[in-house]
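Visitor: Provide a 3D model corresponding to the input given below.
(one chain, ligands or ions: 1)
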Amino acid sequence: MLRHALPLLLFLAGCSVSGSQRTDSRARSRDVVITAVPLLTKEMAAVYPFLKQDFAPGGVLADKEVYAFVPSSITVLQGDTLRLRLVNPEDDEHNFVLPDLALRLPGQSTISATWVARRPGIYPFYCVVPRHMPMMWGQIVVLRR
Ligand SMILES: [Cu+2]
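Guide: The predicted structure is shown next:
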């Protein structure tokens, strides 16, 4: 009986080894475009009159403006390479800061970069312009392969 089981065990062991080798070959490059989008900025006070009070000293958005990264959540698999294209269509400068990657996004510019999802986890990215924090952020979710 054991003699018949041995080839099966060797086959299964072989599957395990080839499975882990395939892990790297399944890693892929993913093109991701992220755009900095104004949501509630001082220029919009003409459209939304309540913003005048919000942006005034003591208002809920005093010294702040609300921007978003779109999309704000990106899910990839471990080992994948993200080919990022960061688009800032308006005239305010932004930043894009990830662990081990920090980029300046001048107004009306497009910046390209790559980021490799080496380890599983949740990696937040931020714009670190003080008047855009803490609202302007997102996350890259790296799933274990
Ligand atoms: Cu910003």
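Visitor: check contacts around Pro71.
Guide: In this structure, Pro71 makes contact with Ile34, Gly138, judged by C-beta atoms under 8 Å, 6 or more residues apart in numbering. For the C-beta atoms, the positions are set from N, CA and C on the backbone; glycine is no exception.
Visitor: And it, how far from the ion?
Guide: Pro71 sits 16 Å away from the ion, taking C-beta to the ion, to the nearest Å as the criterion.
Visitor: Per-residue pLDDT of that residue, please?
Guide: For Pro71, the model assigns a pLDDT of 98.
Visitor: With adjacent residues omitted, what lies nearest to Val87?
Guide: Beyond its immediate neighbours in the sequence, the residue positioned closest to Val87 (C-beta to C-beta, 6 or more residues apart in numbering) is Thr35, lying 4.4 Å away.
Visitor: Would you agree that neighbour falls within a strand?
Guide: Yes: with DSSP: H, G, I helix; E, B strand; the rest coil as the criterion, Thr35 is part of a strand.
Visitor: What is the burial count for it?
Guide: Residues lying near Thr35 (other C-beta atoms under 10 Å) number 15.
Visitor: Now do the contacts for it.
Guide: Taking C-beta under 8 Å, 6+ apart, one finds Phe69, Val70, Leu86, Val87, Asn88, Pro89 in contact with Thr35.
Visitor: Pull out the buried members of the residues you listed.
Guide: Buried by 16 or more other C-beta atoms under 10 Å: Phe69, Leu86, Asn88, out of these.
Visitor: Redo the residues you listed as TSV? Include distance to the ion and secondary structure.
Guide: Supplementary listing: the buried ones among the contacts of Thr35 in TSV, determined by distance: C-beta to the ion, whole Å; DSSP: H, G, I helix; E, B strand; the rest coil:
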residue	distance to the ion	secondary structure
Phe69	9	strand
Leu86	11	strand
Asn88	8	strand
